[in-house]
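1. build me a structure from this.
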Amino acid sequence: MSTAADVSAGALTDTGSTAGPGLRAWQRRALVDYLRRRPEDFLAVATPGAGKTTFALRVATEMLADGTVDQLTVVAPTDHLKSQWAQAAARVGIQLDPTFSNTVGGTSSDFHGVVITYAQVGLAPAVHRRRTTARRTLVILDEIHHAGDARTWGDGVKLAFDPAVRRLALTGTPFRSDDNAIPFVTYERDREGLRRSQSDYSYGYGEALRDGVVRPVIFMAYSGETRWRTSAGEELSARLGEPLTKEQTAHAWRTALDSKGEWMPAVLRAADARLKTIRQHLPDAGGLVIATDHAAAKAYAELLRTVTGETPVTVLSDDRTASAKIAAFGASNDRWMVAVRMVSEGVDIPRLMVGVYATSASTPLYFAQAIGRFVRARRPGETASIFLPSVPSLLGLAEEMEAQRDHVLDRPHRESDGLEDSLLEDANKEKDEDTDDLPKFTALEASASLDQVIYDGASFGTGALAGTAEEEEYLGLPGLLEPDQVVALLSKRQADQIAAQAKVRKPDAPPLDQVRTTYQRRAELRRQLNTLVAAHHHRTNRPHGQIHAELRKLCGGPPSAQASVEDLEKRIVAIQQL
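-> Coordinates of the predicted model:
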């Protein structure tokens with residue numbers, strides 16, 4: 001084994017950087033800050049795809065090389081990520097053992113340290129405390145928010161690593177709101193009196209997007225008519241995305257995701273058409289369907305086989321070859337993979353460019369983890385495309401991709417509009433019965449239509465039925481476009497739609513605002529607002545999302561996907577006065 005002094009900082013290369021060897025600008029700034037202060041605890045918050053692993057390994061290289069520490073312990077969320085960390089460390093001359101066992105309690109002298117999971121720490125914190133006490137240790141806590149998943153995990157992390165010489169905490173997703181303090185994280189009270197986490201260095205999606213470190217994302221939101229039967233035998237229907245009660249939204253959402261309906265096949269066909277377009281420019285581009293559970297994943301894989309004529313890679317947690325499948329898919333030219341939660345956090349497959357968000361999870365934490373799989377930039381002009389249900393909570397998260405969120409104590413978890421997100425702990429288990437506590441129901445049918453396209457916080461399009469030429473206009477956007485070109489093309493598509501609809505109106509037809517539903521009226525106002533925001537963007541060069549955020553601050557109300565007619569009208573007046 002090489003000694004700590006043999007680990008040369010100069011050996012490190014940024015394997016995730018498009019610029020070749022060396023660190024990205026944010027990594028250099030964070031490293032300089034860290035080495036200047038050399039704190040006992042350091043929390044780095046960096047958006048998925050920015051290169052947190054590279055930054056952390058550079059810190060580890062420096063600490064081992066100058067003798068500050070003698071060994072390294074990395075704590076990761078999943079078994080698959082243990083192997084990924086070990087491989088990344090090996091590329092920079094650090095040898096980590098991903099097979100460390102609590103039962104054995106030690107590892108070979110060939111290694112500089114170990115990679116373990118939070119679950120391992122929670123099960124035997126005393127084992128890891130002995131290792132930490134025996135030698136000067138740097139502990140890297142990857143996706144540190146997992147230490148708040150359960151009090152036993154948090155307590156275990158605290159007990160095991162309190163004696164560490166240095167602790168480096170990483171996260172790439174917004175922290176949750178709950179009542180479990182995360183060990184080794186500093187909290188300060190905000191104006192509401194809530195304790196809010198304080199990072200030592202933050203690098204958000206907006207900054208990374210401007211630096212070209214991550215890809216922008218186009219969200220293709222699909223609505224449609226859904227119909228289901230309650231346990232009492234009553235048949236109900238609703239349009240996905242319209243204002244509904246929480247229970248109605250959940251049932252409409254689940255009905256849309258039912259593999260036996262028409263919504264999922266239509267969306268998968270659209271996603272595959274989009275992937276084909278992108279592969280004309282980027283032949284190795286891949287797609288990922290994120291499913292709620294095992295049964296859904298298997299059903300979606302069969303639908304994809306029917307749609308594409310190819311059998312997709314299917315990743316289930318009870319498959320011992322799951323990690324190997326993920327790695328093989330990442331290195332292959334295969335088109336589609338279907339998975340449950342295993343590919344929602346930390347997994348590095350840069351060629352993923354099309355996603356289908358076919359799950360009922362709707363917390364900011366999970367949504368950011370999932371979308372983070374698609375934003376790892378490789379070359380200029382790449383744009384990820386995510387297909388998702390037109391549900392207010394998801395649309396709001398899509399519009400606020402650049403929002404920065406901290407872990408907040410003293411406030412309970414936000415309730416989901418779909419299945420409760422706590423059920424994600426069981427998502428990878430085989431189950432025949434319903435897994436949620438909503439009243440039993442039977443999905444009957446669901447149609448699909450493209451509701452809107454969200455890009456840079458703005459909404460485009462007037463709606464289009466699945467399989468029509470209007471839908472194809474959006475699915476056929478070129479695979480390589482600069483951000484301004486994306487906005488220009490989406491604006492043109494929308495203008496063409498409006499013009500075409502105006503031509504087919506009868507001369508004696510009454511004004512649209514007299515006959516259209518509230519849903520249609522809101523759609524018109526969103527388009528008008530987005531047109532004004534786009535014009536303001538061209539005058540000021542400010543990002544669309546930033547302009548929308550300012551209007552919300554001025555006028556109040558939720559994101560435009562959830563805003564009322566009155567909210568939208570106020571914002572239209574406000575931006576006309578800017």
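2. so what's Leu141 closest to, chain neighbours aside?
-> Of all residues not flanking Leu141 in the chain, Ala169 sits nearest, at 4.5 Å (C-beta to C-beta, 6 or more residues apart in numbering). The way it works is simple: take the backbone N, C-alpha and C, and place the C-beta from them, glycine included.
3. who's in contact with the one you found?
-> 41-44, 140-141, 144, 184-185 (C-beta atoms under 8 Å, 6 or more residues apart in numbering).
4. pull the distance from the strand or helix carrying Tyr34 to the chain's centre.
-> Per DSSP states H and E: Tyr34 is located in helix 25-37. In terms of C-alpha atoms, centre = their mean, to the nearest Å, the centre of helix 25-37 is found 26 Å from the chain centre.
5. contacts for it?
-> The contact list for helix 25-37, computed with C-beta under 8 Å, 6+ apart, reads 14, 23, 42, 44, 46, 50-51, 54-55, 58-59, 62, 168, 200-201, 203, 207-208, 211, 213.
6. filter those to the buried ones?
-> Listed as buried from these are 14, 23, 42, 44, 46, 50-51, 54-55, 58-59, 62, 168, 200-201, 203, 207-208, 213; burial here means 16 or more other C-beta atoms under 10 Å.
7. so after the helix holding Tyr34, what's the next helix or strand?
-> strand 41-46.
8. any idea of the mean pLDDT for that next one?
-> Mean pLDDT, strand 41-46: 95.
9. convert the C-alpha atoms of the next helix or strand after that strand to PDB, please.
-> Of the helices and strands lying after strand 41-46 in sequence (DSSP H and E), the nearest is helix 52-65. Extracted in PDB, the C-alpha atoms of helix 52-65 (Å, rounded to 0.1, in the frame of the first residue of the first chain):
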ATOM      1  CA  LYS A  52     -18.800  17.100  -5.200                       C
ATOM      2  CA  THR A  53     -16.900  13.800  -5.300                       C
ATOM      3  CA  THR A  54     -13.900  15.400  -7.000                       C
ATOM      4  CA  PHE A  55     -13.900  18.300  -4.500                       C
ATOM      5  CA  ALA A  56     -14.000  15.900  -1.500                       C
ATOM      6  CA  LEU A  57     -11.300  13.700  -2.900                       C
ATOM      7  CA  ARG A  58      -9.100  16.700  -3.500                       C
ATOM      8  CA  VAL A  59      -9.500  17.700   0.200                       C
ATOM      9  CA  ALA A  60      -8.700  14.100   1.200                       C
ATOM     10  CA  THR A  61      -5.600  14.100  -1.000                       C
ATOM     11  CA  GLU A  62      -4.400  17.300   0.700                       C
ATOM     12  CA  MET A  63      -5.100  16.000   4.200                       C
ATOM     13  CA  LEU A  64      -3.400  12.700   3.600                       C
ATOM     14  CA  ALA A  65      -0.400  14.200   1.900                       C
END
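10. I'd say Gln84 and Asp348 touch.
-> Yes: between Gln84 and Asp348 there is a contact under C-beta atoms under 8 Å: 6.5 Å.
11. pLDDT weak spots in the stretch 251-400 of the chain?
-> 318, 341-346 (pLDDT under 70).
12. give me every residue that touches Pro98.
-> 82-83, 85-86, 114-115.
13. redo that, cut-off 7 Å
-> Each residue near Pro98 by C-beta atoms under 7 Å, 6 or more residues apart in numbering is listed here: 82-83, 86, 115.
14. which two of those have the greatest separation?
-> Ser83 and Val115 (8.0 Å; C-beta to C-beta).
15. the more surrounded of these two?
-> Neighbour count, other C-beta atoms under 10 Å: between Ser83 and Val115, Val115 has more, with 26 against 19.
16. tell me how far Met353 lies from Asp162.
-> In this view, Met353 and Asp162 are 43 Å apart by C-beta to C-beta, to the nearest Å.
17. higher neighbour count, those two?
-> With neighbours defined as other C-beta under 10 Å, Met353 and Asp162 compare such that Met353 has more, 28 against 15.
18. domains of the protein?
-> With domains defined by automatic domain parsing, the chain comprises 4-210, 220-287+314-338+352-363+389-480, 505-576.
19. need those in TSV (columns: distance to Ala296).
-> Output for those, formatted as TSV (distance: least, C-beta to C-beta, whole Å):
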stretch	distance to Ala296
domain 4-210	20
domain 220-287+314-338+352-363+389-480	7
domain 505-576	25
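20. lowest-confidence stretch among these?
-> domain 505-576 has the lowest average pLDDT among the domains of the chain, namely a mean of 74.
21. show me how far that one is from its chain's centre.
-> On the basis of C-alpha atoms, centre = their mean, domain 505-576 sits 26 Å off its chain's mean C-alpha point.
22. next one: stretch 201-221
-> 11 Å.
23. endpoints of that stretch, how far apart?
-> 33 Å (C-alpha to C-alpha, to the nearest Å).
24. and Glu302, what element?
-> If you go by DSSP H and E, Glu302 is part of helix 294-308.
25. show the subsequent helix or strand relative to that helix.
-> strand 313-315.
26. so what secondary structure elements neighbour that next one?
-> helix 294-308, helix 322-331, strand 336-339 (3 or more C-beta pairs under 7 Å, 6 or more residues apart in numbering; DSSP states H and E).
27. I'd say Ala301 and Val315 touch.
-> No: when contacts are counted by C-beta atoms under 7 Å, Ala301 is not listed as touching Val315 (9.8 Å).
28. the more surrounded of the two?
-> Applying other C-beta under 10 Å to Ala301 and Val315 shows that Val315 carries more neighbours, namely 27 against 23.
29. for that one, which residues make a bridge with it?
-> Ala339 (DSSP bridges).
30. surely it meets Lys325?
-> Yes: Val315 lies in contact with Lys325 (C-beta under 7 Å); the separation is 5.4 Å.
31. and Arg210, how many neighbours?
-> Neighbours around Arg210, by other C-beta under 10 Å: 13.
32. how close does it sit to Lys52?
-> Distance from Arg210 to Lys52, counting by C-beta to C-beta: 18 Å.
33. same check, this time on Ile326
-> 19 Å.
34. more neighbours: the two, which one.
-> Shown here are Ile326 and Lys52; by other C-beta under 10 Å, Lys52 has more neighbours (25 against 22).
35. before I go, just wanted to say thanks for your time.
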